[in-house]
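Trainee: the sequence and its predicted three-dimensional model are supplied below.
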Amino acid sequence: MTEVLSLRNVTAGYGPITVLNDLSLSLRAGEIVAVLGANGCGKSTVLKTAMGLTRVSGGTLSLGGTAITGMPAHERATHGLGYVPQTRNVFGDMSVIDNLRMGAYLRPRAFAAEVEKVFSLFPRIRERRNEKAGNLSGGERRMLSIGLTLLLEPRILLLDEPSSDLAPSTVDLVFQSIADIHRQLSIPILLVEQNVNKALEISDRVCVLVRGHEALDVPASEIDTRHLHDLFMDGGVRTS
């Protein structure tokens with residue numbers, strides 16, 4: 001399968017602090033790739049580096065064959081990268097529908113049709129369309145943040161901890177929605193997640209990080225969670 005996003009021997013971090021060390025990772029067309037690892041190993045930094053939000057001191061990044069190593073974040077978005085951060089991912093003082101309009105600000109004439117696609121994926125968001133986003137539950141805010149990003153028409157979706165701080169029933173709903181997005185919209189997804197079992201359910205491949213470096217890159221079907229516990233003795237990986 002064709003690589004749509006690649007990091008090659010990337011070293012990156014924040015200011016003088018290095019988090020990723022000579023990391024190589026790829027996402028191919030048609031895949032969901034889960035990035036797993038203990039707390040503090042650099043998982044979220046992978047997504048931020050892909051999006052252009054860190055200092056890269058070594059290696060190269062490419063998007064569909066186009067070099068993006070020095071490209072600013074807003075240009076990466078116009079090239080098709082859609083990033084959903086774990087926090088600060090909606091405009092709390094704005095209504096749900098106005099949040100979604102922000103996602104389609106470059107294509108206002110397409111909004112009416114495109115927002116219906118989001119509502120079909122997230123019926124609960126349709127029901128709350130006139131509510132302020134700040135009044136939504138954690139799960140509803142997560143759905144809204146993903147929907148807002150989908151309205152940018154991304155070619156690739158970067159999802160950071162979509163299950164974080166959600167009730168188990170809501171986690172199931174959010175992961176089902178991610179699987180539906182991948183199947184219905186054919187968008188490759190790079191997923192950072194602490195809930196190992198849920199990530200493995202929907203992923204094609206798994207990249208495991210240890211201290212900012214890839215320790216394992218294998219098909220999800222080959223992962224044994226007992227092996228993960230051996231890799232992460234600090235308890236940073238949650239398997240249920």
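Mentor: Structure received. Numbering: from 1, shown residues only.
Trainee: can you pull up the most central residue in this protein?
Mentor: Geometric centre of the chain, nearest residue: residue 159, 1.2 Å, by C-alpha atoms, centre = their mean.
Trainee: name the helix or strand for that one, please.
Mentor: According to DSSP states H and E, residue 159 maps onto strand 156-160.
Trainee: in that strand, which residues are buried?
Mentor: Buried residues in strand 156-160, counted by 16 or more other C-beta atoms under 10 Å: 156-160. To be clear about C-beta, it is placed using only N, CA and C from the backbone, and glycine gets the same treatment.
Trainee: between those, which sits nearest residue 19?
Mentor: residue 160 (14.2 Å; C-beta to C-beta).
Trainee: who are the contact partners of the nearest residue to residue 171 once chain neighbours are set aside?
Mentor: Distances taken as C-beta to C-beta, 6 or more residues apart in numbering put residue 163 closest to residue 171, at 4.5 Å, once the chain neighbours are dropped. Shown in contact with residue 163 (C-beta atoms under 8 Å, 6 or more residues apart in numbering): 171, 174-175, 193-195, 198.
Trainee: how does it look with 7 Å?
Mentor: The neighbours of residue 163, taking C-beta atoms under 7 Å, 6 or more residues apart in numbering as the test, are 171, 174, 193, 195, 198.
Trainee: just the buried residues from those residues, in PyMOL please.
Mentor: Command for PyMOL that selects the buried part of those, burial taken from 16+ other C-beta under 10 Å:
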select buried, resi 171+174+193+195+198
